[in-house]
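Asks: next comes the sequence, and after it the predicted model I'd like to discuss.
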There are 2 protein chains.
Amino acid sequence: MQERSAALREHILDVASDLFYQHGVRNVGIDRIITESGIARMTLYNHFKSKDLLIQEYLLRSSRQWVAWYSAKIQEASQDPGERILAAFDVLDGWFRSSKFRGCSVANASVELADECHPVAEVKKEYHANLRGLFRGLVEEAGAGDPEEIAEELFVLLRGAMLSAHLDGPEGVAARSRRSAERLLSAHIPN
Amino acid sequence: MQERSAALREHILDVASDLFYQHGVRNVGIDRIITESGIARMTLYNHFKSKDLLIQEYLLRSSRQWVAWYSAKIQEASQDPGERILAAFDVLDGWFRSSKFRGCSVANASVELADECHPVAEVKKEYHANLRGLFRGLVEEAGAGDPEEIAEELFVLLRGAMLSAHLDGPEGVAARSRRSAERLLSAHIPN
DNA sequence: CAAGGAATAGACCGACCTGTCTATTGGCCA
DNA sequence: TGGCCAATAGACAGGTCGGTCTATTCCTTG
């Protein structure tokens, strides 16, 4: 039965992901992951070749999961395309306020692993492409003037909001970013 | 003559600041600072009690210098209060494009030193207060509707722009953030 | 039951880290 | 010239890190 082995691998990745996100990839050592997941050292190294690759897998999974969650939240928030864009910022509030929130996993890891671009760079690329695509889709649906431009402006706004909520706390950040988005859009759709 | 000692201290702080900003505070060890500044180990520890305090002093100095530079650049960019706010984003372009640019030193260090809030927290507080004050002053001068709200929105925009330029490169980021600011303001001052 | 593969505990290695200590050298002032 | 303090080079300690190796135990399947 190799399900057990696969489940164990998932468990390790779960524990590592929590620790990496909560304390940063550089502040969490292999020993801690081993201890908290209750497995043997060699079990980890049998499933993951190195810490760097473990980090890469953590980032890949968490970023994809987040984009999927974010996209779904937006979709179910509203049917109106214009409202959907604004909902993309309302939706952040709950996330920002959750005790687990600690900013963007990809951005954090990119900052922590400044020099060694190896594992993070690819994930960052895919993640940002997906997120940009999501925003572009929303803007195109809403039929605003220049989708590329508006989507990019909203993307920068999202980044600022995530960083602000991380560094200063969640209070009012999501609501304010929604108002910003509102104003950006109203300037783009002048009717 | 204690000038020599003070100058040496400045030199160490200069070298350490460059390294910390360029590669991250966690990715630069004491040994590297010693080697690249050409001083003895004990000289460093005679001037700075610990690496954490050296980091704190680096952040304090660099953040104050940056706010002073940013403020001056904005002041000299335009006399018109409304234009000045927009100039606050134009001005970023040169900085983003400089080869030394690697994002916001305070934000980076805050992410790197996630758990140990000791040295960074105070600096972060002062830095953000100064920057918020700067924006509030600009908005108040321009006489827009709700200075607190607008300044805060612009602040989030600035953060997003700095992070974007850091992670994705400088191309177009400053110009786009200026357009965003333009739209935010035009929505606030509807005349 | 027997065999084989995976998980286990833990010793171990070399590298790196911050910080301390010592013994020596060099420059400034009385 | 003699004395004082700071800077120097480098050894050293204690800790953490990522990663390897081994010997043992457990579980599943034939």
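Replies: Everything's here; your move. Numbers count the residues shown, from 1 in each chain, chains lettered A, B, ... in the order given.
Asks: give me every residue that touches residue A:25.
Replies: Contacts for residue A:25 (CB atoms under 8 Å, 6 or more residues apart in numbering or on different chains) come out as A:55, A:58, A:108-109, A:112-113. Every residue, glycine included, has its C-beta placed from N, CA and C.
Asks: same check, this time on residue A:174
Replies: Going by CB under 8 Å, 6+ apart, the list of residues near residue A:174 reads A:89-93, A:96, A:161, A:165.
Asks: of the residues you listed, closest to DNA strand C?
Replies: The nearest member of these to DNA strand C, counting by CB to the nearest atom of the strand, is residue A:165 at 29.8 Å.
Asks: make CSV out of the contacts of residue A:174 and add pLDDT, secondary structure and neighbour count.
Replies: CSV is the format used below for the contacts of residue A:174 (pLDDT from 0 to 100; DSSP: H, G, I helix; E, B strand; the rest coil; neighbours: other CB atoms under 10 Å in any protein chain shown):
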residue, pLDDT, secondary structure, neighbour count
A:89, 98, helix, 23
A:90, 98, helix, 18
A:91, 98, coil, 20
A:92, 98, helix, 23
A:93, 98, helix, 17
A:96, 98, helix, 21
A:161, 98, helix, 25
A:165, 98, helix, 25
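Asks: give me the subset of those residues touching chain B.
Replies: Counting by CB under 8 Å from any CB of the partner chain, residue A:161 from the contacts of residue A:174 sit close to chain B.
Asks: and which of the contacts of residue A:174 is nearest to residue A:23?
Replies: Minimum distance to residue A:23 across the contacts of residue A:174 is 17.9 Å, recorded for residue A:165 (CB to CB).
Asks: with adjacent residues omitted, what lies nearest to residue A:161?
Replies: Excluding the flanking residues, the one nearest residue A:161 by CB to CB, 6 or more residues apart in numbering or on different chains is residue A:177, at 3.9 Å.
Asks: how deep is that neighbour tucked in, by neighbour count?
Replies: Neighbour count for residue A:177, taken as other CB atoms under 10 Å in any protein chain shown: 29.
Asks: how about stretch A:24-35: buried residues?
Replies: A:24-28, A:33-34 (16 or more other CB atoms under 10 Å in any protein chain shown).
Asks: please see if it touches DNA strand D.
Replies: Yes. Counting by CB under 7 Å from any atom of the strand, contacts between stretch A:24-35 and DNA strand D involve A:28-32.
Asks: are stretch A:29-43 and DNA strand C in contact anywhere?
Replies: Yes. Stretch A:29-43 comes into contact with DNA strand C (CB under 7 Å from any atom of the strand), by way of A:38-43.
Asks: and the residue nearest to residue A:161, backbone torsions?
Replies: phi -70, psi -30 (degrees, to the nearest 10).
Asks: any idea which helix or strand carries residue A:7?
Replies: helix A:3-23 (DSSP states H and E).
Asks: quick one: which two of the residues of stretch A:24-35 next to DNA strand D are the most distant?
Replies: Between any two of these (CB to CB), the greatest distance is 9.3 Å, for A:28 and A:31.
Asks: sorry, back to before: out of the residues of stretch A:29-43 next to DNA strand C, which end up buried?
Replies: Going by neighbour count (16+ other CB under 10 Å), the residues of stretch A:29-43 next to DNA strand C have A:39, A:43 buried.
Asks: and which of the residues of stretch A:29-43 next to DNA strand C is nearest to chain B?
Replies: Taking CB to the nearest CB as the measure, residue A:38 is the one of these closest to chain B, at 22.4 Å.
Asks: hmm, residue A:32 and residue A:15 touching each other?
Replies: No. Between residue A:15 and residue A:32 no contact is recorded; they are 9.2 Å apart, counting by CB atoms under 8 Å.
Asks: for chain A, longest helix please?
Replies: Scanning chain A for the helix with the most residues, using DSSP state H, yields helix A:51-77.
Asks: close to chain B, is that one?
Replies: No. Using CB under 8 Å from any CB, we find that helix A:51-77 stays clear of chain B, coming within 13.1 Å at best.
Asks: likewise stretch A:124-144?
Replies: Yes. Applying CB under 8 Å from any CB, one finds stretch A:124-144 in contact with chain B at A:124, A:128.
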